[in-house]
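Undergrad: here's my sequence, what's the structure:
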Amino acid sequence: MMSQSKEARPPMILRRRTNSHLPDEIVLEILARLPVKSVLRFRPKSKRIPFTFQSGYPRLVGSCNGILCFTDCVTSKSKDVYLWNPSIRKFKRLPDTCLTQLRTLVIGFGYDSQSNDYKVVRISQTRVKDVLAREVEVYSLSSDSWKRVGLGMSWTPNAFSFSFNGILAFPFVSGHLHWMIEMTEEGGGQERRFTSMILSFDVNSEKFKELPLPDDEGSFIVTKCVTSFKGKLALIKFGYGVQPHSMLCSIWVMKEYGVLDSWNKLCVLPVDAFIDFTGFTNYGILLIRNMPRLVSTNCELERKYKSVLIDPETLHENEISIQVNYHLDVATYMESIALLDGANVVFH
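TA: Okay, the predicted model is just below:
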């Protein structure tokens with residue numbers, strides 16, 4: 001037995017001296033597992049769109065995987081097209097096309113899942129000896145260049161009016177871009193015939209085809225446009241209602257892509273005009289600017305529009321406080337780190 005016990009000592013902590021920097025492969029593995037918002041949370045805030053157009057009115061062409069595509073609202077006068085990822089504050093101006101003398105009709109933006117590439121499709125028009133000629137170009141982000149693509153479809157020779165209905169942004173659904181085309185044809189004598197079609201472009205194969213329209217001869221249609229509803233192709237028809245100066249908006253959804261019999265009429269809604277239709281949210285809720293109402297402001301009555309969210313499947317309606325301008329472009333958006341590098345990419 002010891003006469004005096006040793007003084008108790010605190011436990012020893014062994015510290016291993018390590019380098020403060022982790023290997024790059026470990027860092028990449030950690031970052032790859034973090035949400036984009038967590039990775040980008042410490043970046044300083046970026047402004048309103050960081051580029052300008054000649055008209056001063058940029059138009060949203062489309063949105064894919066966190067990249068937004070913009071062009072000039074007056075597309076026939078300006079050839080500028082920009083790709084922008086707001087999450088990483090980088091944008092890119094596309095190179096000029098070789099068809100600068102042609103009048104731009106429409107532009108579409110989509111993602112090629114087979115080659116992991118983003119593509120911009122431009123359809124232009126010119127008149128040669130009183131005959132309308134149309135050219136198609138496709139821009140590839142991976143090659144950073146434009147190339148001509150054959151339309152592969154013959155338009156009716158009697159069509160003298162050819163327009164793309166662009167009330168809403170042209171939808172990218174099931175790997176395809178879509179445009180509503182409305183044509184006026186001359187028949188025998190002084191007769192004129194109005195026809196419509198949905199033009200579809202496969203971003204992977206770069207081929208065009210025509211999609212069938214639902215048969216709805218029972219109502220008088222003023223105009224039509226295509227959009228997307230919960231990831232499916234949707235058709236919006238605007239026609240006159242029973243009441244004077246009233247309009248009806250019928251919403252159709254193609255349940256099985258490319259199949260005529262899968263068109264289903266979702267609902268019919270009263271609207272003041274087709275410009276009131278703003279678009280769908282990612283959850284299928286419809287955002288519209290509804291009929292004006294009289295509001296008392298400073299002892300005076302003012303006519304103000306109300307903005308509402310409508311569930312087209314239940315017709316449940318909720319008014320929102322935000323005033324929606326009918327010039328507003330709407331598209332679903334997700335945060336991503338796409339467009340990180342490449343030629344002519346600008347950080348802002």
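Undergrad: residue 184 reaches residue 194, doesn't it?
TA: Yes. With contact defined as Cβ atoms under 8 Å, residue 184 reaches residue 194; the gap is 5.8 Å. No exception for glycine: its C-beta is placed from N, CA and C like everyone else's.
Undergrad: those two: which is more packed in?
TA: Taking neighbours as other Cβ atoms under 10 Å, residue 184 and residue 194 compare with residue 184 leading, 14 against 10.
Undergrad: and the more buried one, bridged to which residues?
TA: On the basis of DSSP bridges, residue 184 is bridged to residue 161, residue 194.
Undergrad: where does pLDDT dip in the stretch 101-250 of the chain?
TA: Where the stretch 101-250 of the chain drops to pLDDT under 70, the residues are 101, 127-132, 154-167, 185-190, 216-219, 244-245.
Undergrad: beta partners of residue 254?
TA: Where residue 254 sits in a bridge, its partners, by DSSP bridges, are residue 263.
Undergrad: that one is in contact with residue 262, isn't it?
TA: Yes. The pair residue 254 / residue 262 is scored as a contact, 5.5 Å apart, by Cβ under 8 Å.
Undergrad: compare these two (neighbour count), which wins?
TA: Taking neighbours as other Cβ under 10 Å, residue 254 and residue 262 compare with residue 254 leading, 24 against 15.
Undergrad: residues touching the more buried one, list them.
TA: 211, 232-235, 262-264 (Cβ atoms under 8 Å, 6 or more residues apart in numbering).
Undergrad: which one of those residues is nearest residue 310?
TA: residue 234 (14.1 Å; Cβ to Cβ).
Undergrad: what's the burial count for the closest one?
TA: The burial count for residue 234: 23, using other Cβ under 10 Å.
Undergrad: swap in residue 264?
TA: The burial count for residue 264: 13, using other Cβ under 10 Å.
Undergrad: again with residue 153
TA: 12.
Undergrad: again with residue 265
TA: 13.
Undergrad: which residues are in contact with it?
TA: With Cβ under 8 Å, 6+ apart, residue 265 has these contacts: 214, 216, 250-252.
Undergrad: swap the cut-off to 10 Å and go again
TA: With contact taken as Cβ atoms under 10 Å, 6 or more residues apart in numbering, residue 265 is in contact with 214, 216, 235, 237, 250-253.
Undergrad: for residue 247, give the beta-bridge partners.
TA: In this entry, residue 247 is beta-bridged to residue 240, residue 271, by DSSP bridges.
Undergrad: surely it and residue 236 touch.
TA: No. At 11.5 Å, residue 247 does not count as touching residue 236 under the criterion of Cβ atoms under 10 Å.
Undergrad: mind checking which of the two has more residues around it?
TA: Between residue 247 and residue 236, residue 236 has the larger neighbour count (other Cβ under 10 Å), namely 24 against 19.
Undergrad: in the helix or strand where that one lies, what's buried?
TA: Assigned by DSSP states H and E, residue 236 belongs to strand 232-240. Buried residues in strand 232-240, counted by 16 or more other Cβ atoms under 10 Å: 232-239.
Undergrad: using CSV, list the CA coordinates for stretch 109-122.
TA: The C-alpha trace of stretch 109-122 is given here as CSV (Å, rounded to 0.1, in the frame of the first residue of the first chain):
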residue,chain,number,x,y,z
PHE,A,109,-35.3,27.0,-75.9
GLY,A,110,-35.0,23.4,-74.8
TYR,A,111,-32.7,20.8,-73.3
ASP,A,112,-31.3,17.8,-75.2
SER,A,113,-31.2,15.0,-72.7
GLN,A,114,-29.4,12.6,-74.9
SER,A,115,-26.3,14.8,-75.4
ASN,A,116,-26.7,16.9,-72.2
ASP,A,117,-26.9,20.0,-74.3
TYR,A,118,-29.0,23.2,-74.4
LYS,A,119,-30.4,24.3,-77.7
VAL,A,120,-32.1,27.4,-79.1
VAL,A,121,-34.3,27.1,-82.2
ARG,A,122,-35.0,30.1,-84.4
